[in-house]
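*Asks:* okay, here's the prediction I keep looking at, along with the sequence it came from:
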Amino acid sequence: MTSIGYLAGFETLDTETPGVELAWQGTPPAWLNGALLRTGPAKFEAGATAYRHWFDGLAMLHRFAFAGGKVRYANRFLQSGDYRDTVKHNAIARDEFATNRAGLLGSLFATRLTGNSSDNGNVNVLPYGEHDMVALTETPYPVRIDAKTLETLGPFAWADRLDCQVTTAHPHYDATRQLIYNFEISFGRKTLYRFTRMAPGSHSRSVVAEIETSEPAYTHSFGMSERHLILAEFPLVTKPLRLLLSGRPFIETYRWSPERGVRFTVIDKETGAIVRRAEAGPCFSFHHVNAYEEDGAIVLDLVAFKDARIIDALYLAGLRAGNALPEGLLTRFAIPLGEGPVTQKVLSSLTTELPRINYRRLAGRRHRYVWSAGAASGGFLDCLVKQDVETAKPATWSEKDCFPGEPVFAEAPNAGAEDEGVLLSVVLDGEKGRSFLLVLDAATMQERARAYAPHVIPFGFHGNYFANAA
Ligand SMILES: [Fe+2]
């Protein structure tokens, strides 16, 4: 049983740090020059009101900058509309994933109709072009930030006329086509799944494909191979009317409907045509890992849970009570592009989440290594994992009372092997009561260096490393 020294990771952090040099223990590689930018929830209460779910907390940005062998840390709240309204009223001002505003009936969808929808970019931070670093949540309201100062610059203004209420904070970048792909849902009398593409630097999406649905599935990410976009509809579905009228928080309008199974739709990136529809038995996933085409099939890796109870497990009350996470396993699906059934196999028996690959090189192409945070002791995420998908045995890093977040892969310059580089992960040291940035050799999973931050950094979700951005 894991200790529950991780509970500090679910507490509000009020301190903002303009920039402080941290002391290295160990020696990071000399080529590590750039910045790790991350986002995550950091404020869980406002006045007498409190958010209910890990995904709800107000976003804080964190930056570790590497230059000349030194590391500097800064953190700052995202000055989103959510944050400003909530601080001003000293009460939760907008509906979130699993928390509605106090005393108001409504949902994310209903509030969208009044123009008051979440822009709490606590899920991911990435570039939408050379001049637009954005913090994202699962609504179409990216917030622009200054990647150097963490200052909030304002909303990312769409120049197109596409209307949707939810999207993913996991857009894909196709480096060959130089296009950003994303998935969104437009709820209405006719509800549409929509894949879009956008050139970096543009503010205009165009439609790749639209698919009508009467029971939209909760979709946190999607798959992308070199030629295809892949939608996996897990059987956690809502109905637009229920979303609009139930008065429940957004995610609580979704129902687990295992009889639907998982429905895969494979779409041609160029034509938008549906190339294949196929089904598999029920499971749930937040995170696709990667997808690629091999022997006439789409090979698609994701972290699969038996059902959607992982969402329930991430309510703050349960997390703070030390409840264990449900089992989530790295799972491979093969979806024939022609006829034939979908096959699936579990690639590792270790519960894992927040998966990353060498994305720059291998997005949409065959990968061998998946790095993630694992739960080896049956509690919260307590180790970092390197999974060689060609063998069943994972390599791990762990330390007593230490709880790591997502491992971001930073590739060595002129790297040969796929795993030549380091992993950057923010780890909560439950014993010391502080978090540190851990630098692991991504090939060997051995520690290269660590640098303690001045405080606990609440558990975040995603971030990225930007070379030469310090
Ligand atoms: Fe995510």
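*Replies:* Received the coordinates, thanks. Residues are numbered from 1 along each chain as shown.
*Asks:* so after the lowest-mean-pLDDT helix or strand in the chain, what's the next helix or strand?
*Replies:* Using mean pLDDT, DSSP states H and E, helix 108-113 stands out as the lowest-scoring helix or strand of the chain, at a mean of 52. Following helix 108-113 in sequence order, the next helix or strand is strand 124-127 (DSSP states H and E).
*Asks:* how far does that next one sit from the chain's center?
*Replies:* 10 Å (CA atoms, centre = their mean, to the nearest Å).
*Asks:* what's it packed up against?
*Replies:* If contacts are counted by 3 or more CB pairs under 8 Å, 6 or more residues apart in numbering; DSSP states H and E, strand 124-127 sits against strand 34-43, strand 133-136, strand 463-467. Yep, even glycine has a C-beta here, placed from its N, CA and C like the rest.
*Asks:* try it again with 10 Å
*Replies:* Here strand 124-127 touches strand 34-43, strand 58-67, strand 133-136, strand 463-467, going by 3 or more CB pairs under 10 Å, 6 or more residues apart in numbering; DSSP states H and E.
*Asks:* dump it to PDB, keeping only the CA atoms.
*Replies:* What follows is strand 124-127, C-alpha atoms only, in PDB (Å, rounded to 0.1, in the frame of the first residue of the first chain):
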ATOM      1  CA  ASN A 124      -2.400  21.300 -21.600                       C
ATOM      2  CA  VAL A 125       0.000  24.000 -22.900                       C
ATOM      3  CA  LEU A 126       1.300  24.000 -26.400                       C
ATOM      4  CA  PRO A 127       1.900  26.300 -29.400                       C
END
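*Asks:* next, the buried residues of that strand.
*Replies:* Neighbour-count burial for strand 124-127 flags 124-127 (criterion: 16 or more other CB atoms under 10 Å).
*Asks:* equivalent analysis for stretch 265-275, please.
*Replies:* Buried-residue list, stretch 265-275, by 16+ other CB under 10 Å: 265-267, 269, 275.
*Asks:* likewise for stretch 139-158?
*Replies:* Those would be 139-145, 147, 150, 152, 156, for stretch 139-158 by 16+ other CB under 10 Å.
*Asks:* any idea which of those residues is closest to A417?
*Replies:* Each of those was scored against A417 by CB to CB, and A147 proved nearest at 28.9 Å.
*Asks:* ok, the residue lying closest to that closest one once chain neighbours are set aside - how many residues close by?
*Replies:* Spatial nearest neighbour of A147, excluding adjacent residues (CB to CB, 6 or more residues apart in numbering): M133 at 4.2 Å. By the criterion of other CB atoms under 10 Å, M133 has 25 neighbours.
*Asks:* just V20 next, same as before
*Replies:* 12.
*Asks:* and it, what does it touch?
*Replies:* 71-75, 453-454 (CB atoms under 10 Å, 6 or more residues apart in numbering).
*Asks:* what score does the closest residue to P127 other than its chain neighbours have for pLDDT?
*Replies:* Excluding its sequence neighbours, the residue lying closest to P127 (CB to CB, 6+ apart) is M133, at 5.4 Å. M133 carries a pLDDT value of 97.
*Asks:* contacting residues for M133?
*Replies:* M133 neighbours (CB under 10 Å, 6+ apart): 37, 61, 125-127, 142-148, 150, 153, 156, 464, 466, 469.
*Asks:* now the buried members of the contacts of V20.
*Replies:* Taking 16+ other CB under 10 Å as the criterion, what is buried in these is 71-75, 453.
*Asks:* most widely separated two among these?
*Replies:* V71 and N75 (13.7 Å).
*Asks:* now do the shared contacts for those two.
*Replies:* Contact criterion CB under 10 Å, 6+ apart; residues shared by V71 and N75: 20, 64, 453.
*Asks:* hmm, the second one is touching E21, no?
*Replies:* No. Checked against CB atoms under 10 Å, the pair F64 and E21 is beyond contact range at 11.1 Å.
*Asks:* more neighbours: which of these two?
*Replies:* F64 (25 against 11).
*Asks:* so for that one, what's the pLDDT?
*Replies:* Confidence at F64, expressed as pLDDT, is 98.
*Asks:* any idea how far it lies from T238?
*Replies:* 38 Å (CB to CB, to the nearest Å).
*Asks:* kindly provide the distance from the residue lying farthest from the centre of the chain to A278.
*Replies:* What lies farthest from the middle of the chain is E339; by CA atoms, centre = their mean that is 32.6 Å. Taking CB to CB as the measure, E339 falls 10 Å from A278.
*Asks:* shaky segments in the stretch 201-350 of the chain?
*Replies:* Scanning the stretch 201-350 of the chain for pLDDT under 70 picks out nothing.
*Asks:* tell me which stretches of it form strands.
*Replies:* 206-213, 223-224, 228-233, 236-237, 255-256, 262-268, 274-280, 288-294, 297-305, 328-336, 343-346 (DSSP state E, counting those that start in this stretch).
*Asks:* would you mind finding the most buried of the ones you listed?
*Replies:* Per residue and on average, the most neighbours among the strands of the stretch 201-350 of the chain fall to strand 223-224, with a mean of 26 (mean count of other CB atoms under 10 Å).
*Asks:* that one - contacts with which helices or strands?
*Replies:* Counting by 3+ CB pairs under 10 Å, 6+ apart, strand 223-224 packs on strand 172-174, strand 179-186, strand 228-233, strand 288-294, strand 297-305.
*Asks:* phi, psi for V439 please.
*Replies:* Phi and psi for V439, reported as degrees, to the nearest 10, are phi -110, psi 110.
*Asks:* if we can go back for a sec, turn the helices and strands packed on strand 124-127 into TSV, including distance to R94.
*Replies:* Shown next, in TSV, are those (distance: least, CB to CB, whole Å):
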stretch	distance to R94
strand 34-43	13
strand 58-67	10
strand 133-136	15
strand 463-467	23
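*Asks:* how about these, which one is nearest T391?
*Replies:* Short answer: strand 463-467, nearest of the helices and strands packed on strand 124-127 by CB to CB, at 26.6 Å.
*Asks:* quick revisit: now, which of the buried residues of stretch 139-158 lie within strands?
*Replies:* Using DSSP state E, the members of the buried residues of stretch 139-158 that fall within strands are 143-145, 152.
*Asks:* among these, which pair sits farthest apart?
*Replies:* Across these (CB to CB), the longest gap, 7.5 Å, separates R144 and T152.
*Asks:* return every residue with contacts to both of these two.
*Replies:* 121, 135.
*Asks:* turn the strands of the stretch 201-350 of the chain into CSV, columns for distance to R94.
*Replies:* What follows is those, written out as CSV (distance: least, CB to CB, whole Å):
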stretch, distance to R94
strand 206-213, 26
strand 223-224, 31
strand 228-233, 27
strand 236-237, 23
strand 255-256, 24
strand 262-268, 32
strand 274-280, 36
strand 288-294, 28
strand 297-305, 28
strand 328-336, 29
strand 343-346, 39
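*Asks:* so which of those is nearest Y359?
*Replies:* Short answer: strand 288-294, nearest of the strands of the stretch 201-350 of the chain by CB to CB, at 8.0 Å.
*Asks:* helices and strands around that closest one, which ones?
*Replies:* Packed next to strand 288-294, using 3+ CB pairs under 10 Å, 6+ apart, are strand 172-174, strand 223-224, strand 228-233, strand 297-305, strand 328-336, strand 351-356, helix 359-362, strand 369-375.
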